[in-house]
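In: the sequence and its predicted three-dimensional model are supplied below.
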Amino acid sequence: MSDLRSRVPVYAPVTIVGLIAAAGMLRVLTQHWREGAVLLGGALLVAAVLRMVLPADRVGLLAIRGRGLDVLCYSAFGIVMTLLAVTITKGSLTPG
C-alpha cells in the first residue's frame, strides 16, 4: 500500500477532484442542479479521503492547512452540500 502511495503523482489527487467537480458544474449548467450539487459534494468528500490517506508530499494542492483541519472542512462542506441537494424537493434554478 505504501508503495502505491509513493507512486501517485503530485497532480493526480487535485486532477481527480477537479474532474468530479467539473462534471458537477456541467450538470448544474444543464439544468440538473441537484445532481450537480451532489457531484460537487462528492468531490469534496473525495478530497477529504485523499487528504486523509495520502502522505503530505503526495497530496499536492489539496493541502491547505493541517491534515486534520483540511479533512474536517472538506468533509463538513461535502456532507452539507450533499444533504442540501438531496433534501430540497421544491424549486428550480429557472423562474417560471
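Out: Yep, it's here.
In: buried residues in the helix or strand hosting Met81, which are they?
Out: For Met81, the host element (DSSP states H and E) is helix 67-87. Buried positions in helix 67-87, judged by neighbour count with 16 or more other C-beta atoms under 10 Å: 70-71, 73-75, 77-78, 81-82, 85. For the C-beta atoms, the positions are set from N, CA and C on the backbone; glycine is no exception.
In: same thing with stretch 20-32?
Out: Across stretch 20-32, burial judged by 16+ other C-beta under 10 Å covers 20-21, 23-24, 27-28.
In: repeat that for stretch 32-51.
Out: 33-48, 50-51.
In: list the ones among the residues you listed that fall in helices.
Out: In helices, defined here by DSSP state H, the members of the buried residues of stretch 32-51 are 33-48, 50-51.
In: looks like Val8 contacts Leu54 (just checking).
Out: Yes. Between Val8 and Leu54 there is a contact under C-beta atoms under 8 Å: 6.5 Å.
In: which one of those two is surrounded by more residues?
Out: Each of Val8 and Leu54 has its neighbours counted (other C-beta atoms under 10 Å); Leu54 has more, 20 against 16.
In: what about Thr15, helix or strand, and which?
Out: Per DSSP H and E, Thr15 falls inside helix 12-29.
In: ok, for Arg67, nearest residue in space, not its chain neighbours?
Out: Arg51 (6.4 Å; C-beta to C-beta, 6 or more residues apart in numbering).
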